[in-house]
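Engineer: Can you look at this prediction? I've put the sequence above it.
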Amino acid sequence: MERSYLLGQRVKLRAMEPEDLEIMYEMENDPEQWDITCFNVPYSRYIIKQYMENTQCDMYADKQLRLMIIRLKDQVAIGTIDITGFLPMHLRGEVGISLKKEYRGEGYGSEALALLCEYAFGFLCLKQLSAEVAVGNELSLKLFTSCGFEQCGLLKEWWFVEGHFKDVILLQKLRTSDEKIDLPICLNKDMV
């Protein structure tokens, strides 16, 4: 049987679909999320729809990957998980995850993050993933460390939120194998 990287016990990860417009609109326009997304203005449905239509769904072309987190028991979209800042030459990217409030603390985030890491390391052959978590955000810190991310630095006064600077913990997860990496077929060998 083939390995399904994006399917877990309680959630699955999938590409964005047109019906995801409303959940993305709701999540992108939640001011409580703006400090972790580094955006501070609302997005219109039109702009989000354009983003969804214009993405090539190719991490090497877009330099990012956005997947929807779907709860299996009812097929409801409960959040998003991303690899951004993808650098093909160095086989690394930064992870971001956002769950709707009512689904937090239920284990969905850790399963989605574990699936993304398996996909990134096992299929995309990335060497490392990183994440930034504000000091004091214990839930996010617990989420990332439970999935094998290790603290590797502190960025002083890194984010400016609501009139104050926040320190940010830098986390990193490395692919454990030291073996030579066979690059994915879709990777242009001239890029590395």
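Structural biologist: Perfect, thanks for sending it. Numbering: from 1, shown residues only.
Engineer: show me what contacts the residue nearest the centre of the chain?
Structural biologist: Centre of the chain computed as the mean C-alpha position; nearest residue by CA atoms, centre = their mean is Asp82, 2.5 Å away. Asp82 sits next to Gln64, Leu65, Arg66, Leu67, Val95, Gly96, Ile97 when contact means CB atoms under 8 Å, 6 or more residues apart in numbering. Quick note: C-beta positions are derived from backbone N, CA and C, even for glycine.
Engineer: Please repeat the previous calculation with a cut-off of 7 Å.
Structural biologist: Neighbouring residues of Asp82 by CB atoms under 7 Å, 6 or more residues apart in numbering: Gln64, Leu65, Arg66, Val95, Gly96.
Engineer: Let me know the helix or strand that it is in.
Structural biologist: strand 76-87 (DSSP states H and E).
Engineer: low pLDDT regions in this protein?
Structural biologist: In the predicted model of the chain, residues 1-3, 34-40, 177-192 satisfy pLDDT under 70.
Engineer: which stretches of it form strands?
Structural biologist: Along the chain, the segments classed as strands by DSSP state E run 11-14, 65-71, 76-87, 92-99, 128-134, 150-161, 164-174.
Engineer: how about stretch 43-63 as CSV, C-alpha atoms only?
Structural biologist: Extracted C-alpha coordinates of stretch 43-63, given in CSV (Å, rounded to 0.1, in the frame of the first residue of the first chain):
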residue,chain,number,x,y,z
TYR,A,43,-8.3,41.3,3.3
SER,A,44,-11.3,41.5,1.0
ARG,A,45,-12.9,38.4,-0.3
TYR,A,46,-11.8,39.6,-3.8
ILE,A,47,-8.1,39.6,-2.8
ILE,A,48,-8.3,36.2,-1.1
LYS,A,49,-10.1,34.8,-4.1
GLN,A,50,-7.4,36.2,-6.4
TYR,A,51,-4.7,34.6,-4.2
MET,A,52,-6.5,31.2,-4.4
GLU,A,53,-7.0,31.5,-8.2
ASN,A,54,-3.4,32.6,-8.9
THR,A,55,-1.5,30.2,-6.8
GLN,A,56,0.1,27.5,-9.0
CYS,A,57,-0.1,25.0,-6.2
ASP,A,58,3.5,24.3,-6.8
MET,A,59,5.8,25.0,-3.9
TYR,A,60,8.8,25.5,-6.2
ALA,A,61,6.9,28.1,-8.3
ASP,A,62,5.0,29.8,-5.4
LYS,A,63,7.8,29.5,-2.8
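Engineer: which other residues reach it?
Structural biologist: Taking CB under 7 Å, 6+ apart as the rule, stretch 43-63 contacts 15-16, 21, 24-25, 28-29, 65, 83, 86, 88, 124, 186-187.
Engineer: let's go with 10 Å and repeat that
Structural biologist: The set of residues external to stretch 43-63 that reach it, using CB atoms under 10 Å, 6 or more residues apart in numbering, is 15-18, 20-22, 24-25, 27-29, 64-67, 83-88, 93, 120, 124, 126, 184, 186-188, 191.
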